[in-house]
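In: just need the structure, nothing else, for what follows:
(chains A and B)
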Amino acid sequence: MLSHRFDNSNLLGWIFMAPAAILLLFFLTYPLGLGVWLGFTDTTIGSDGQWIGLDNYAYLVGDPISRLALFNTILYTVVACAFKFALGLWLAILLNHKLRMQSFFRSVIMLPWIVPTALSALAFWWMYDPQFSIISWVLVKLGLIDRYIDFLGDPWLARLSVVIANIWRGIPFFAITLLAGLQTISPNLYEAAAIDGVTPWQQFRYVTLPLLTPIIAVVTTFSVLFTFTDFQLVYVLTRGGPVNATQLMTTLSYQQAISGGALGEGSALAIMMVPFLLASVLFSYFGLQRRAWQRGGDK
Amino acid sequence: MNDKTKAEPEGMEYLQSLPRRWVTIYIPLGIFVFVLLFPFYWMVITAFKPASELALHTSNPFWVISPTLQHFKDLLFNTPFPSWMLNTLIVSVVATVLSLACGTLGAYAIERLRFQGSKQVGMAIFFAYLVPPSILFIPLASIVFKMGLFDTRWALILTYPTFLIPFSTWLLMGYFRSIPYELEECALIDGATRWQILVKIILPLSVPGLISAGIFAFTLSWNEYIYALTLISSSEMKTVPVGMTTELIEGDVYHWGQLMAGALLGSLPVAVIYSFFAEYYVSGMTGAIKE
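Out: Alright, predicted model coming up:
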C-alpha cells in the first residue's frame, strides 16, 4: 500500500512537472547550450558556421571595443549598485519611521520600478535633450551654467547620465525589499540600545546593519545580476554611443549578433558574462553562510 | 507577527523632537519622492503641451498654458500604436496564464508530491530564475527562426515563460509550503484525488499568492524588451516598449509630445493594475527574494 502510493506520487509528480519542464528545457536549457556552442563557431545570420575553437574569445580579448565594453559594464554595475544600495537603504530607513500616509509613500516610490524601463528611458532621453533639457534650463536659470549641457554627447557625461537613470530605476527595488527586512527587526533591540545610550550612527552600525546583512546579501546579488545584464536602458538612451563610450557587453553583443549578423561572436560575448554572474551568486551565497554561522547556525 | 512589529516602532518616536524629525525624515523623504516622481510629471506635462510650448526657452516650462490632446490623436490615429498595445496585451495575458498554469502544477509537484528528484528540480528552477534573458536572446533568435515563429506573437508567448515560470514556481512553492499538510491528509483519507486536492483545497487557499505571481508576471511581460526587440521585425507586430523606441523616431526631428503621450499610455495598464494590487505586488517582490 505504502509503496503503491509512493510510485503513484512519483509518476504524478513528473506528470505535473512536465509542462514547466518541457518549456524550460526547450526554451532555456537548450538555448543556453546552443549559445555556448555558437560561441565556438563563426555562425552568421544565413550561414551555418564551422567550429573555430577559441578564436572568437581570442579575438574578443584583444579587441579594444569589447575591452571597453567590459570596462563600461563593470563601471556601470559597481557605481550604479553602490548608489542604489546606499540610497535605497536610506529611503527604506526613512519609510520605516511612523509616518502619516506611509502606505501612500510606499506605493508611489515603486513607480520607477513598475513602469516599462524602455518608456521611462524615453522620458530621461527627453530630459537629457541637448537643446530642450529641463535640467539645463533650471541650471541656467539658477545661474550655475551658461550653456546647455550635452548630456549624452560627451563620453563621461553619457556614462554618468545612464548610470543616474539606472540608479533612479533601481532605488525602489532596494528600498522596498530592505524595508521588508527592517520591519522584521524587533523594536526591543532598539530600546535596549537606547537604554545603553547609543548614538543614531551606533544604532545603525551595531543593530540595524548586522541584522539586515542576510537580506542585503540577497538583494545586492539580484541587483548586480540585473544591472550587469541590463540592456534596454542603455540601448534606448544611447545605443552604446557616443563612440562606444556607453557600450555594455549586452548592447555590444546585440550589435554584433543581431544588427551585424555575427551570431557566433555575439554569443561568445554573451557567454563571457557568465563567469561574472556566477561570481556574484557565489559571493551572496557565502555572505549568507557567514551570517548563519555567526548566529549560531540556527537557520 | 508582522503586524505587531510593524505597529511597534512608534514606541520610541517620542524621543525625536518635531524640528529634528523635519530635518532627518520629512525633508530627505520629500527629495526622494520628488526625484523619483519628477520624470513622470515631466512625461505628463510634455504629453499635453502644444508643439509651440515645447520650445521651453520662453515660457515657464513646468506648466501647460493651453493643454492639447493633439499628440494623443496623432498617436492613436496616425501610428501603429493601437496595434502595439493590442500585441502587448495578448502576449502578456497568454504568457502569464500559461506560466501560472505550469508554475502551479510544478510548485505543487515539488512542494507536495515530493517525487524522487523533486529537490534537485527545485534547485534547477531556482538557477533557471537566475539566467538573464540577455545571454539567451541570440540562440533563442536562431531557434525561433528555425521553428518558423519569427515575427509572430507565438515567438514571445513561448519565450516569455523562460523567465516567468521559474519566478512563479518559486513564489508559489513558498505559498504552498505555508498551507498545513493536515488539510491535504484529511482530504486524502476522504478519498480525494491529488487533482481534486489541488483544485479544491490548495488553490483557493493560495489566491493571494496567485494574484501576486499573476500581476508580477503580467508586469514583467508588459515591460519585456530584449526578446521583443530581437524576435519581432515588422512594425505592426511590435510591442509597446519596442515600438515606441524604434518606430516613432524619424530622422533628427523628435516628436517629443507624441513620444511622451505614448510613454504615458503604454505605462498606464501596469500602473493601474499596480494601484489596485500594490500590496500583492510588494509581497510578490519580497517573497521572490526571500529564502
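
In: now do the same contact list for B:Tyr281.
Out: Contact analysis of B:Tyr281 by Cβ atoms under 8 Å, 6 or more residues apart in numbering or on different chains lists A:Met110, A:Ile114, B:Ser212, B:Ile215, B:Phe216, B:Thr219, B:Tyr274. (Glycine included, C-beta is placed from N, CA and C.)

In: neighbours around the residue in chain B that chain A sits nearest to, how many?
Out: Taking Cβ to the nearest Cβ as the measure, chain B has B:Phe115 as its residue closest to chain A, at 2.6 Å. B:Phe115 has 21 neighbours, counted by other Cβ atoms under 10 Å in any protein chain shown.

In: show the pLDDT at it.
Out: pLDDT for B:Phe115: 84.

In: A:Phe204 too?
Out: Taking A:Phe204 on its own, its pLDDT is 88.

In: which SS state does it fall under?
Out: Following DSSP: H, G, I helix; E, B strand; the rest coil, the label given to A:Phe204 is helix.

In: give me the neighbour count for A:Trp51.
Out: 9.

In: any idea what it is bridged to?
Out: Taking DSSP bridges, one obtains A:Thr41 as the residues bridged to A:Trp51.

In: so what's whatever residue of chain A ends up closest to chain B up against?
Out: When scored by Cβ to the nearest Cβ, chain A has A:Gly13 as its residue closest to chain B, at 2.6 Å. Taking Cβ under 8 Å, 6+ apart as the criterion, A:Gly13 is in contact with B:Ala109, B:Ile110, B:Leu113, B:Arg114, B:Phe115, B:Gln116, B:Ser118.

In: A:Trp126: which of those residues is nearest?
Out: When the contacts of A:Gly13 are ranked by distance to A:Trp126 (Cβ to Cβ), B:Ile110 comes first, at 46.1 Å.

In: give me the neighbour count for that closest one.
Out: For B:Ile110, the tally of surrounding residues (other Cβ under 10 Å) stands at 28.

In: and the closest residue to the residue of chain B closest to chain A other than its chain neighbours, its phi and psi?
Out: By the measure of Cβ to Cβ, 6 or more residues apart in numbering or on different chains, the closest residue to B:Phe115 outside its immediate chain neighbours is A:Gly13, 2.6 Å from it. The phi and psi values for A:Gly13, taken as degrees, to the nearest 10, are phi -60, psi -50.

In: and the gap between A:Gly13 and B:Phe167?
Out: Taking Cβ to Cβ, to the nearest Å as the criterion, A:Gly13 is separated from B:Phe167 by 21 Å.

In: where does residue 210 land on pLDDT?
Out: If you meant another chain, say so; for now it's chain A. If you check A:Pro210, the pLDDT there is 86.

In: hmm, I had chain B in mind actually
Out: Taken from the predicted model, the pLDDT recorded for B:Leu210 is 91.

In: okay but it is in contact with B:Thr104, surely?
Out: Yes. Here B:Leu210 reaches B:Thr104: they are 7.4 Å apart, a contact under Cβ atoms under 8 Å.

In: any residues in contact with both of these two?
Out: Joint contacts of B:Leu210 and B:Thr104 (Cβ under 8 Å, 6+ apart) are B:Leu172, B:Leu203.

In: poorly predicted segments of the stretch 101-250 of chain B, please.
Out: Across the stretch 101-250 of chain B, residues meeting the criterion (pLDDT under 70) sit at B:250.

In: who's in contact with the closest residue to A:Val274 other than its chain neighbours?
Out: For A:Val274, ignoring the flanking residues on the chain, the nearest one in space by Cβ to Cβ, 6+ apart is B:Ile135 at 6.8 Å. Listed by Cβ under 8 Å, 6+ apart, the contact set of B:Ile135 reads A:Leu32, A:Gly35, A:Thr229, A:Ala270, A:Ile271, A:Met273, A:Val274.

In: same question for B:Glu185.
Out: Taking Cβ under 8 Å, 6+ apart as the test, B:Glu185 contacts no residue whatsoever.

In: against B:Phe40, how distant is it?
Out: Relative to B:Phe40, B:Glu185 is positioned 51 Å away (Cβ to Cβ).

In: can you check what pLDDT the model gives B:Tyr274?
Out: According to the model, B:Tyr274 carries a pLDDT of 87.

In: one more: A:Phe231?
Out: Predicted confidence (pLDDT) for A:Phe231: 93.

In: skipping adjacent residues, who's closest to it in space?
Out: In space, A:Phe231 is closest to A:Thr250, 4.2 Å off (Cβ to Cβ, 6+ apart).

In: neighbours of the one you found, how many?
Out: Neighbours of A:Thr250 under the rule other Cβ under 10 Å: 27.

In: what packs against the helix or strand encompassing B:Trp84?
Out: Secondary structure from DSSP states H and E places B:Trp84 in helix B:81-108. Under the contact criterion of 3 or more Cβ pairs under 8 Å, 6 or more residues apart in numbering or on different chains; DSSP states H and E, helix B:81-108 touches helix A:2-24, helix B:153-159, helix B:161-177, helix B:207-223, helix B:240-246, helix B:256-289.

In: mind listing what B:Ala55 touches?
Out: Applying Cβ under 8 Å, 6+ apart, one finds that B:Ala55 lies in contact with A:Phe132.

In: hmm, which helix or strand of chain A has the shakiest average pLDDT?
Out: Comparing helices and strands within chain A by mean pLDDT, DSSP states H and E singles out helix A:274-294 as the least confident, with a mean of 71.

In: ok so, going back, just say helix, strand or coil for the residue nearest to A:Phe231.
Out: Following three-state DSSP, we place A:Thr250 in the helix state.

In: now do the contacts for it.
Out: Remark: with contacts taken as Cβ under 8 Å, 6+ apart, A:Thr250 is in contact with A:Thr73, A:Thr229, A:Asp230, A:Phe231, A:Val234, A:Ala270, A:Met273, B:Ser134, B:Ile226.

In: quick check: it vs A:Val236, distance?
Out: 13 Å.

In: tally of neighbours for B:Tyr129?
Out: For B:Tyr129, the count of nearby residues is 18 (other Cβ under 10 Å).

In: same thing with the one 5 residues further on?
Out: The local packing of B:Ser134 (other Cβ under 10 Å) involves 24 other residues.

In: having no further points to raise, I will conclude here.
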